[in-house]
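Asks: sequence first, then the predicted structure:
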Amino acid sequence: MTQKTVRMIYDGKEIELPVLEGTLGPKAVDISTLQKEFGLFTYDPGFKNTSSCKSDITYIDGTESILRYYGYPIEQLASQSTYLETCYLLLNGELPNEAQCQDFHDEITHHTMLNEQLIKFYTGFRRDAHPMSIVVGVFGALSSFYSSGEIDYHNAEEREKATMRMIAKMPTIAALAYKYSKGQPFMHPINSLDYTSNFLQMCFAVPAEPYHHDPILSKALDMIFILQADHEQNASTSTVRLASSSQANPYACVAAGVVSLWGPAHGGANEAALNMLKEIGSVENIPKFIARAKDKSDPFRLMGFGHRVYKTYDPRAKIMQDTCNIVLDHLNMDDPLFDIARELEHVALNDEYFIERNLYPNVDFYSGITLRALGFPSSMFTVLFALSRTVGWVSQWKEMITDKEQSIGRPRQLYTGPDKRDYVPMKQR
Ligand code: CMC
């Protein structure tokens with residue numbers, strides 16, 4: 001098949017730019033010769049039209065509501081897989097057999113403890129610090145325990161160890177951040193529990209009494225972790241890739257990913273969505289908030305609504321809503337915020353403003369109600385997102401580091417500042 005090209009004429013000169021084709025999805029024009037041939041850069045704020053890499057990991061079709069990890073539909077993984085099995089898939093490209101799954105589980109389990117020195121970091125934070133700020137700090141501090149000066153991350157075996165450590169230690173770091181905010185004693189990991197039950201245990205057990213773990217709630221949280229495990233080149237993943245492109249320490253790079261995820265336009269939307277539902281307070285107030293979301297002079301947006309890639313229903317939102325139903329039913333809870341969320345969705349999906357702009361609920365719209373039912377305060381929601389996304393960041397880091405086409409990330413700019421001017425001494429200004 002002949003390679004398709006895009007012909008470009010500028011200033012009387014003509015060049016052909018190759019069109020690259022992936023397995024699925026839109027093709028991409030390779031503009032790598034543009035600057036050399038024409039002295040031109042592209043201008044694409046927010047990277048709305050730019051692919052920064054080739055990746056085998058995650059496929060999204062935003063118009064068909066498709067999300068797949070290495071080809072496996074998110075619906076199948078959420079209903080049939082476990083979070084750790086999905087982690088293995090994201091890291092290795094294939095589902096594990098029984099022995100591989102067991103080895104992987106054992107390996108992760110044996111890296112869940114934190115160095116005692118690291119635990120001392122917690123007491124330096126204010127008691128009322130946002131748990132995300134604690135996670136950023138403590139996870140970043142892992143770089144001092146596994147420093148790039150001593151460890152060669154170009155070595156595949158070292159990368160493998162770092163991968164295991166990051167996925168294993170994130171739940172412990174997250175749970176301790178929660179315990180610190182509660183003023184409760186830190187709970188150690190328990191190796192006989194599965195990954196997600198162990199995390200719940202570290203959050204909600206107390207030394208004074210036995211902890212009863214609930215497999216239905218563990219399964220629900222595990223499913224949420226699967227939904228959030230990776231999402232191709234979003235802001236936090238791109239942050240991890242960009243930070244790592246300078247060959248910086250991977251633990252510090254993942255901490256940078258946590259920072260990026262924190263913002264309300266990204267992973268912070270789950271906390272903001274729940275706070276918004278609380279502020280709406282009752283279904284009668286919905287029209288007022290819909291009007292605010294449509295008012296361009298008001299910065300208010302419907303949190304948990306809209307997505308850069310999905311121009312139809314986010315497939316994760318549907319599963320998240322079903323999970324919410326399962327958890328509320330199991331706990332025999334009737335959360336009025338769930339009723340507000342469902343009505344808000346109904347009103348928005350029938351409103352011209354949202355229809356025209358293809359704004360649908362995203363993964364964050366229903367997650368907060370489920371996490372609240374599980375016992376988490378809203379300040380922990382984005383921490384849970386960071387926990388589950390760690391595998392995505394690490395998989396993308398591993399892919400990037402072995403990709404020969406990748407070099408240090410260095411976007412250019414369209415300079416709009418003043419032309420050259422001479423320094424004016426203070427007294428003459
Ligand atoms: N409420 C009201 N209007 C909205 C919303 C919203 N949630 N989202 C987008 N719009 C409007 C926006 O004002 C704009 O209108 P106009 O064309 O008249 O100027 C239009 O829709 C397009 O929006 P945009 O901001 O250009 O789209 P984007 O692709 O840059 O932003 C987004 C995507 C997710 C940041 C945005 O939809 C948003 O702020 N949503 C609320 C925050 C949220 O839920 N974020 C979680 C994203 S999913 C989890 C994750 O992957 O992190």
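Replies: On my side now, so go ahead.
Asks: from this structure, which residue is nearest to the ligand?
Replies: For the chain and the ligand, the shortest gap (C-beta to the nearest ligand atom) falls at G306, measuring 2.4 Å. Quick note: C-beta positions are derived from backbone N, CA and C, even for glycine.
Asks: quick one: I15 is in a strand?
Replies: Yes - under DSSP: H, G, I helix; E, B strand; the rest coil, I15 sits within a strand.
Asks: the residue of the chain closest to the ligand against F365, yeah?
Replies: No - look at G306 against F365 with C-beta atoms under 8 Å: they stay out of range, at 10.0 Å.
Asks: which of the two has more residues huddled nearby?
Replies: Neighbour comparison, G306 and F365: the larger count goes to F365, with 29 against 21 (by other C-beta atoms under 10 Å).
Asks: and the more buried one, what helix or strand is that in?
Replies: F365 is part of helix 364-373, with elements assigned from DSSP states H and E.
Asks: and T390, by the same measure?
Replies: Assigned by DSSP H and E, T390 belongs to helix 381-401.
Asks: and that helix, is it in reach of the ligand?
Replies: No - shown here: helix 381-401 not in contact with the ligand (C-beta under 6 Å from any ligand atom), separated by at least 7.8 Å.
Asks: pLDDT of that helix, averaged?
Replies: Mean per-residue pLDDT for helix 381-401: 97.
Asks: packing partners for that helix?
Replies: When contacts are defined as 3 or more C-beta pairs under 8 Å, 6 or more residues apart in numbering; DSSP states H and E, helix 381-401 packs onto helix 83-92, helix 131-145, helix 156-182, helix 215-227, helix 235-244, helix 250-262, helix 269-280, helix 364-373.
Asks: closest to D61 out of those helices?
Replies: Closest approach to D61 among those is made by helix 215-227 (16.6 Å; C-beta to C-beta).
Asks: what does the stretch 101-250 of the chain have sitting close to the ligand?
Replies: Counting by C-beta under 6 Å from any ligand atom, the stretch 101-250 of the chain sits next to the ligand at H231, N234.
Asks: ok, D194 touching E85?
Replies: No - counting by C-beta under 8 Å, D194 does not reach E85; the two are 10.8 Å apart.
Asks: care to break this structure down by domain?
Replies: 2-51, 118-404 (automatic domain parsing).
Asks: chain center to the shortest one, what's the gap?
Replies: Read it as domain 2-51. Centroid displacement of domain 2-51 relative to its chain, using C-alpha atoms, centre = their mean, to the nearest Å, is 29 Å.
Asks: got the end-to-end distance for that domain?
Replies: End-to-end distance for domain 2-51, by C-alpha to C-alpha, to the nearest Å: 22 Å.
Asks: so for M1, what's the pLDDT?
Replies: pLDDT at M1 comes out at 61.
Asks: so L67 belongs to a strand, correct?
Replies: Yes - remark: L67 belongs to a strand, assigned using three-state DSSP.
Asks: how near is it to L414?
Replies: Distance, L67 to L414, by C-beta to C-beta, to the nearest Å: 34 Å.
Asks: OK, contacts around H330?
Replies: Listed by C-beta atoms under 8 Å, 6 or more residues apart in numbering, the contact partners of H330 are D214, I216, L217, A220.
Asks: try 10 Å
Replies: For H330, the contact set (C-beta atoms under 10 Å, 6 or more residues apart in numbering) comprises D214, I216, L217, K219, A220, A373.
Asks: so the nearest residue to the residue of the chain closest to the ligand once chain neighbours are set aside, which of the three states?
Replies: Using C-beta to C-beta, 6 or more residues apart in numbering and skipping residues adjacent in sequence, the residue nearest G306 is L359, 4.4 Å away. Recorded secondary structure, L359: coil (three-state DSSP).
Asks: tell me if I'm right that L359 and L302 touch.
Replies: Yes - taking C-beta atoms under 10 Å as the definition, L359 is a contact partner of L302 at 7.4 Å.
Asks: report the contact partners of A229.
Replies: Applying C-beta under 10 Å, 6+ apart to A229 gives the contacts 57-58, 69, 74, 77, 83, 86-87, 89-90, 388-392, 395.
Asks: mind picking the two most distant members of those residues?
Replies: I74 and T390 (17.9 Å).
Asks: neighbours of the closest residue to A162 other than its chain neighbours, how many?
Replies: In space, and not counting its chain neighbours, A162 is closest to P250: 5.3 Å by C-beta to C-beta, 6+ apart. Neighbourhood size, P250 [other C-beta under 10 Å]: 28.
Asks: tell me the pLDDT of P250.
Replies: 96.
Asks: that one and A243 touch, don't they?
Replies: Yes - using C-beta under 10 Å, P250 is in contact with A243, at 9.1 Å.
Asks: who touches both of the two?
Replies: By C-beta under 10 Å, 6+ apart, the residues touching both P250 and A243 are W393, W397.
Asks: and the contacts of H330, which are buried?
Replies: Neighbour counting with 16 or more other C-beta atoms under 10 Å marks L217, K219, A220, A373 as buried within those.
Asks: so how many other residues sit close to S32?
Replies: Count around S32 with other C-beta under 10 Å applied: 10.
Asks: what do you get for G392?
Replies: Residues within reach of G392, counting by other C-beta under 10 Å, total 24.
Asks: quickly note the distance from it to V240.
Replies: Look at G392 and V240: by C-beta to C-beta, they are 9 Å apart.
Asks: one step back: what's the overlap in contacts for D194 and E85?
Replies: In contact with both D194 and E85: H105, D222, using C-beta under 10 Å, 6+ apart.
Asks: output stretch 212-222 as CSV - backbone C-alpha positions only.
Replies: In CSV, the C-alpha atoms belonging to stretch 212-222 read as follows (Å, rounded to 0.1, in the frame of the first residue of the first chain):
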residue,chain,number,x,y,z
HIS,A,212,-14.1,-7.4,59.3
HIS,A,213,-13.5,-7.0,55.6
ASP,A,214,-16.5,-6.9,53.3
PRO,A,215,-15.7,-8.7,49.9
ILE,A,216,-18.6,-6.9,48.1
LEU,A,217,-17.2,-3.5,49.0
SER,A,218,-13.6,-4.6,48.2
LYS,A,219,-14.8,-5.8,44.8
ALA,A,220,-16.6,-2.5,44.2
LEU,A,221,-13.4,-0.5,45.0
ASP,A,222,-11.3,-2.9,43.0
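Asks: which residues sit against that stretch?
Replies: Contacts of stretch 212-222 (C-beta under 10 Å, 6+ apart): 78, 81-86, 190, 193-201, 204-205, 322-324, 326-327, 329-331, 370-371, 373-376, 384, 387-388.
Asks: make a PyMOL selection of the buried ones in those.
Replies: Filtering those down to the buried ones (16+ other C-beta under 10 Å) takes a single PyMOL command:
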select buried, resi 78+81+82+83+84+85+86+193+194+195+196+197+198+199+200+201+204+205+322+323+324+326+327+370+371+373+374+376+384+387+388
